[in-house]
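# here is the input, now give the coordinates:
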Amino acid sequence: MSQVAGSRRQRPNDPERRSKIARAAIDVVAERGIDGLTHRAVAAAAGVPLGSTTYHFRTLDDLLEVALRQAAEDNVRRLREWERTVPADADFAAALAELVMRYVRDEGPHTVVEYDLYVAAMHRPRLRPISAAWDDALIELFGSRTDALTGRVLAGLFCGLLMQLAISDEAPSASDVEAIFRRAVHGP
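Have a look, this model is predicted:
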């Protein structure tokens with residue numbers, strides 16, 4: 001294969017590279033927190049040259065944006081998959097309580113990084129539409145089992161409980177979480 005003088009060597013195009021970098025950004029935030037997110041750390045985690053991260057994502061905010069978008073899409077996809085497994089006549093308060101406990105018990109580190117990225121939007125206005133879309137998806141999902149207003153209440157409660165449980169040294173029992181959801185779904 002010949003090269004024109006002065007041109008860069010052509011490398012095979014990796015169509016998954018951008019996605020690989022996005023997932024690596026999530027991993028870096030999980031390991032080091034948002035303040036530990038650097039192009040160099042993401043490149044190392046993705047196993048790609050540093051130039052690839054800066055080519056696809058010029059700034060750290062670009063990396064944060066793609067990480068938040070990927071985390072939101074992954075989370076909403078998992079929630080939609082969960083919702084399809086919940087029978088139409090299921091006790092929705094009990095199902096939500098079990099879901100929260102699973103997120104805390106089985107997916108704790110993953111839940112923490114998702115909320116780290118979600119909360120980053122408080123200080124980075126360009127991330128707010130992604131976090132808002134995430135909220136809207138939760139409201140729609142939970143509202144499909146109840147009504148629009150209760151869906152909004154449940155989405156806020158779900159997120160709030162997950163954040164509280166993620167930082168709590170002593171998690172409430174599944175029955176306590178279920179009682180909270182039962183109140184939100186059925187009232188006093």
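# now do the helices in the protein.
For the chain, the helices defined by DSSP state H occupy 17-32, 39-46, 50-56, 60-85, 92-105, 108-120, 128-143, 148-167, 174-186.
# look at residue 136 and say how many residues are nearby.
Neighbourhood size, residue 136 [other C-beta atoms under 10 Å]: 13. For the C-beta atoms, the positions are set from N, CA and C on the backbone; glycine is no exception.
# residues contacting residue 53?
If you count contacts by C-beta atoms under 8 Å, 6 or more residues apart in numbering, residue 53 has them with 21, 39, 42, 43, 46, 63.
# excluding chain neighbours, give the residue nearest to the first one in space.
With C-beta to C-beta, 6 or more residues apart in numbering as the measure, residue 46 is the residue that lies nearest to residue 21, at 5.0 Å, once sequence neighbours are left out.
# so who does the one you found touch?
So residue 46 contacts 17, 20, 21, 23, 24, 52, 53 (C-beta under 8 Å, 6+ apart).
# okay if I get the helices of the chain as TSV plus mean pLDDT?
TSV is the format used below for the helices of the chain (pLDDT from 0 to 100):
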stretch	mean pLDDT
helix 17-32	90
helix 39-46	95
helix 50-56	91
helix 60-85	90
helix 92-105	92
helix 108-120	80
helix 128-143	92
helix 148-167	91
helix 174-186	93
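# now stretch 93-100: how far from the chain's centre is it?
Centroid separation between stretch 93-100 and its chain, computed with C-alpha atoms, centre = their mean, to the nearest Å, is 19 Å.
# give me every residue that touches the residue lying closest to residue 104 once chain neighbours are set aside.
Leaving aside its sequence neighbours, residue 104 sits nearest to residue 165 (C-beta to C-beta, 6+ apart; 4.6 Å). For residue 165, the contacting residues are 100, 104, 171, 172, by C-beta under 8 Å, 6+ apart.
# redo that, cut-off 10 Å
By C-beta atoms under 10 Å, 6 or more residues apart in numbering, the residues touching residue 165 are 100, 101, 103, 104, 105, 108, 111, 171, 172, 177.
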